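Asks: only the shape, not the letters, is given here:
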């Protein structure tokens, strides 16, 4: 099986995440896309106003119409900081003899060699990166060449995806602006109903 892990804070999940996932599902011909909301990202301060399980529920709503997608609570149940190498280890045990991929945005792709135990990440999964704009493509390709010297396999999209950030969504909500174009409809309804980010 060809399986990709798509991890992150997803605080909240937005249309950029959905588009990125769809592009990689097609490019990599994935049998399964495992969306993994972090309990606490090592790279981001936690926002205690939104619980991990609320972020999980938003992801579930966002990806429910994507047949190959599955939202996993594997990192939330472990609690504590979420480290990618540990999650990939667990996925490799759950899905032996499968080809694993790790989907990252541009910023993460450029720093993956600085993560905890990067050599294990490179052994377990092909690292996939996506540019934010056309200028990013050359930068990511240079990083890909560097990662190859460290033993990593990489896949870099040659096209950009929708540029939305979770910060943009949160700020729009705080400023009472419309977010219908930024997040899936069911996610917007959940955010409004739960009073998140206000």
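Replies: Yep, that arrived. Model, not experiment: these values are computed from the prediction.
Asks: how near is residue 54 to residue 190?
Replies: Distance, residue 54 to residue 190, using C-beta to C-beta, to the nearest Å: 8 Å. For glycine as for every other residue, the C-beta is placed from the backbone atoms N, C-alpha and C.
Asks: what's the overlap in contacts for those two?
Replies: residue 196 (C-beta atoms under 8 Å, 6 or more residues apart in numbering).
Asks: longest helix in this protein, please.
Replies: Ordering each helix of the chain by length in residues (DSSP state H) puts helix 134-149 first.
Asks: at which residues are the helices of this protein located?
Replies: With DSSP H as the criterion, the chain has helices spanning 15-28, 52-63, 74-78, 84-94, 106-111, 118-124, 134-149, 166-174, 185-194.
Asks: pull out the buried residues from the fourth one.
Replies: The neighbour-count criterion (16 or more other C-beta atoms under 10 Å) identifies 84, 85, 86, 87, 88, 89, 91, 92 as the buried residues of helix 84-94.
Asks: spatially nearest residue to the fifth one (excluding sequence neighbours)?
Replies: The shortest distance from residue 88 to any residue that is not its chain neighbour, by C-beta to C-beta, 6 or more residues apart in numbering, is 4.2 Å, and that residue is residue 124.
Asks: most distant residue from the middle of the chain?
Replies: residue 176 (26.4 Å; C-alpha atoms, centre = their mean).
Asks: picking up where we left off before, could the buried residues of helix 84-94 go into JSON lines alongside distance to residue 157 and pLDDT?
Replies: Putting the buried residues of helix 84-94 into JSON lines (distance: C-beta to C-beta, whole Å; pLDDT from 0 to 100) gives the following:
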{"residue": "84", "distance to residue 157": "19", "pLDDT": "96"}
{"residue": "85", "distance to residue 157": "23", "pLDDT": "97"}
{"residue": "86", "distance to residue 157": "26", "pLDDT": "96"}
{"residue": "87", "distance to residue 157": "22", "pLDDT": "97"}
{"residue": "88", "distance to residue 157": "21", "pLDDT": "98"}
{"residue": "89", "distance to residue 157": "26", "pLDDT": "97"}
{"residue": "91", "distance to residue 157": "22", "pLDDT": "97"}
{"residue": "92", "distance to residue 157": "24", "pLDDT": "97"}
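Asks: closest one of those residues to residue 107?
Replies: residue 84 (14.1 Å; C-beta to C-beta).
Asks: show me where pLDDT drops low in the protein?
Replies: 41-48 (pLDDT under 70).
Asks: how about 80 then?
Replies: Applying pLDDT under 80 to the chain flags residues 41-49, 159-160, 162.
Asks: is residue 152 in contact with residue 120, as I believe?
Replies: No: using C-beta atoms under 8 Å, residue 152 makes no contact with residue 120, being 11.2 Å away.
Asks: more neighbours: these two, which one.
Replies: residue 152 (21 against 16; other C-beta atoms under 10 Å).
Asks: what's the closest non-adjacent residue to the more buried one?
Replies: residue 122 (3.9 Å).
Asks: and for residue 104?
Replies: Nearest to residue 104 is residue 129, by C-beta to C-beta, 6+ apart, at 5.5 Å.
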